[in-house]
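[1] Just a sequence and a predicted model for now, questions to come.
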Amino acid sequence: MNDDHFQDQNQFSKPMDPYSAKSNFDVKEEELHKNGVPSLWREVSNLLIIVGIIAGVILLSRIF
């Protein structure tokens, strides 16, 4: 079997660069500090909108 071919297939299984992982963490941390955690009100309102849409679809499917 050709060893070069085997090495070419394993090029994607190399361990991740620790500096890129740290950089990715720093970017996500900065974004979190800049935007903040979504507030409870936003989460509740999104949930109510979704429940309303689902209820509307069920209601319309029973009517028609």
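    On my side now, so go ahead.

[2] What about Phe25, how many residues nearby?
    Phe25 has 10 neighbours, counted by other CB atoms under 10 Å. In short, each C-beta sits where N, CA and C put it, glycine included.

[3] what does Ile63 give?
    So Ile63, with other CB under 10 Å, has 6 neighbours.

[4] do you know how far it is from Ser23?
    Per CB to CB, to the nearest Å, Ile63 is found 54 Å from Ser23.

[5] Could you do Ile54 as well?
    40 Å.

[6] In which helix or strand does Asn46 reside?
    helix 40-63 (DSSP states H and E).

[7] With only the CA atoms kept, save the host helix or strand of Tyr19 in CSV.
    Assessed by DSSP H and E, Tyr19 sits inside helix 18-35. The C-alpha atoms that make up helix 18-35 are tabulated as CSV, following Å, rounded to 0.1, in the frame of the first residue of the first chain:
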residue,chain,number,x,y,z
PRO,A,18,-3.8,25.4,20.3
TYR,A,19,-3.3,29.0,19.3
SER,A,20,-6.3,28.9,16.9
ALA,A,21,-8.4,27.4,19.7
LYS,A,22,-7.3,30.2,22.1
SER,A,23,-8.0,32.8,19.4
ASN,A,24,-11.5,31.4,18.7
PHE,A,25,-12.2,31.5,22.5
ASP,A,26,-11.0,35.1,22.7
VAL,A,27,-13.2,36.1,19.8
LYS,A,28,-16.3,34.5,21.3
GLU,A,29,-15.5,35.9,24.8
GLU,A,30,-15.2,39.4,23.3
GLU,A,31,-18.5,39.0,21.4
LEU,A,32,-20.2,37.8,24.6
HIS,A,33,-18.9,40.9,26.6
LYS,A,34,-19.9,43.2,23.8
ASN,A,35,-23.5,41.9,23.2
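
[8] quick one: low-confidence parts of this protein?
    Low-confidence segments of the chain (pLDDT under 70): 1-16, 35-40.

[9] same thing but 90
    Residues of the chain that meet the criterion pLDDT under 90 lie in 1-45, 64.
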